[in-house]
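Peer 1: Just the structure for this:
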Amino acid sequence: SLKFQSVRGMMAFGGTMALAGAVANTGNMLPVLVAGPSFGTEALGIFVVSMEFALLPLAKIMPVIHPIVFPAFSKFQEQPAAVARYLEKSVGIAALILLPLMIGLACVAEEFVLAILGEKWLAAIVPLALLSLSVPFRGLTSFFRQTLGAIGYAGLALKSALLSLLLLLTLI
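Peer 2: Model (predicted):
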């Protein structure tokens with residue numbers, strides 16, 4: 001028989017996590033969607049190139065970490081002390097790697113742009129420096145949403161994504 005009562009909770013959880021991911025992706029694309037018509041093609045190109053270089057470390061690290069976070073933290077759903085301990089360690093390791101890397105990129109943004117992109121991209125120096133400083137926070141919000149979902153708080157993960165989107169809309 002096809003009775004969905006037994007899987008209703010799983011479908012609701014999966015749907016909430018999928019919606020949280022969709023809201024987060026919308027928030028990630030929002031600056032480009034809003035800035036495009038306002039800034040024009042040249043300024044938008046500078047912004048997008050700066051963002052791509054700033055997000056490069058996350059683009060390489062997160063596909064490795066995301067498949068590990070959910071199953072690893074889901075083992076500790078009923079153990080909040082263990083979740084807190086491992087979350088603190090994970091964030092500490094991520095901060096140890098990401099903060100110096102991104103602060104370093106912000107500090108050498110001028111040299112980086114000149115060496116990699118050339119002189120015609122001088123306008124990308126300031127956006128690259130500023131966006132580099134935001135990358136650790138962007139990575140942490142993604143990590144926290146995965147952790148919240150793993151310990152059974154899909155609704156809180158969705159609220160987090162919605163709050164981030166609302167904050168970003170307000171800033172833009």
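
Peer 1: Against which helices or strands is the stretch of helix or strand residue 60 belongs to packed?
Peer 2: For residue 60, the enclosing helix or strand under DSSP states H and E is helix 41-74. Packing contacts for helix 41-74, counted by 3 or more CB pairs under 8 Å, 6 or more residues apart in numbering; DSSP states H and E, involve helix 8-39, helix 80-107, helix 125-150. In short, each C-beta sits where N, CA and C put it, glycine included.

Peer 1: low pLDDT regions in the chain?
Peer 2: 1, 172 (pLDDT under 70).

Peer 1: ok so, going back, make CSV out of the helices and strands packed on helix 41-74 and add distance to residue 61 and mean neighbour count.
Peer 2: Output for the helices and strands packed on helix 41-74, formatted as CSV (distance: least, CB to CB, whole Å; neighbours: other CB atoms under 10 Å):
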stretch, distance to residue 61, mean neighbour count
helix 8-39, 16, 14
helix 80-107, 8, 14
helix 125-150, 8, 20
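
Peer 1: want to throw those helices into TSV with distance to residue 162?
Peer 2: Shown next, in TSV, are the helices and strands packed on helix 41-74 (distance: least, CB to CB, whole Å):
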stretch	distance to residue 162
helix 8-39	6
helix 80-107	21
helix 125-150	11
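
Peer 1: Please identify which of those helices is closest to residue 52.
Peer 2: helix 125-150 (9.5 Å; CB to CB).

Peer 1: Give me the buried positions along the very next helix or strand once past that closest one.
Peer 2: For helix 125-150, the following helix or strand on the C-terminal side (DSSP H and E) is helix 154-171. Applying a neighbour-count criterion of 16 or more other CB atoms under 10 Å, one finds 154, 156, 157, 158, 159, 160, 161, 164, 165 buried in helix 154-171.

Peer 1: same check, this time on stretch 108-127
Peer 2: By neighbour count, with 16+ other CB under 10 Å as the criterion, the buried positions of stretch 108-127 are 109, 112, 113, 117, 121, 123, 124, 125, 127.

Peer 1: of all the residues you listed, which two lie farthest apart?
Peer 2: Using CB to CB, those reach their maximum pairwise distance at 112 and 123, which is 13.9 Å.
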